[in-house]
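S.K.: Build me a model:
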Amino acid sequence: MVADEGRGKAISAAWTLRALRAAGSLRLRSSLTSLSNSAAAMAPVEQFLQERIKVNGKAGNLGGGVVTIERSKSKITVTSEVPFSKRYLKYLTKKYLKKNNLRDWLRVVANSKESYELRYFQINQDEEEEEDED
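M.R.: Residues are numbered from 1 along each chain as shown. The predicted model follows:
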């Protein structure tokens, strides 16, 4: 009975998420807290997203206020009035990293249902494990 209740909660949570997406009140954040705390590091990312996000098949349009991009010190918040895919934001973030040759050092990780975060690859930890095996 407890397992059934757990499944029921999961189903209702998924339904709520779909309903929010259909209503267009989904808030997505891309957080660069591990990269830098300065607002200057966030400006190029914000500019890239403004140029590349497509609304109704047109890039750089943002639909006349349908999609808004806000920047704080270490976060960029994308708010959409129309259905907007979280996966699309991840795709654009990866594209930005590739364009600026940062893709080898940083990865995009979902830290909650509504946000992504950039993290460094943990290369040092892998090297230490290889040394321990020898």
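
S.K.: Other residues contacting stretch 50-57?
M.R.: Outside stretch 50-57, the residues that touch it by CB atoms under 8 Å, 6 or more residues apart in numbering are 59-63, 66-67, 69, 78, 82, 88, 92, 95. Heads up, the C-betas are built off the backbone N, CA and C, glycines and all.

S.K.: got these as JSON lines, with secondary structure columns?
M.R.: JSON lines is the format used below for the contacts of stretch 50-57 (DSSP: H, G, I helix; E, B strand; the rest coil):
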{"residue": "Ala59", "secondary structure": "strand"}
{"residue": "Gly60", "secondary structure": "coil"}
{"residue": "Asn61", "secondary structure": "coil"}
{"residue": "Leu62", "secondary structure": "helix"}
{"residue": "Gly63", "secondary structure": "helix"}
{"residue": "Val66", "secondary structure": "coil"}
{"residue": "Val67", "secondary structure": "strand"}
{"residue": "Ile69", "secondary structure": "strand"}
{"residue": "Val78", "secondary structure": "strand"}
{"residue": "Val82", "secondary structure": "coil"}
{"residue": "Tyr88", "secondary structure": "helix"}
{"residue": "Leu92", "secondary structure": "helix"}
{"residue": "Lys95", "secondary structure": "helix"}
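
S.K.: Scan the residues you listed and report the most crowded one.
M.R.: Tallying neighbours with other CB atoms under 10 Å puts Val78 at the head of the contacts of stretch 50-57, with 22 neighbours.

S.K.: Okay, helices next: where are they in this structure?
M.R.: 2-23, 43-52, 86-99, 123-133 (DSSP state H).
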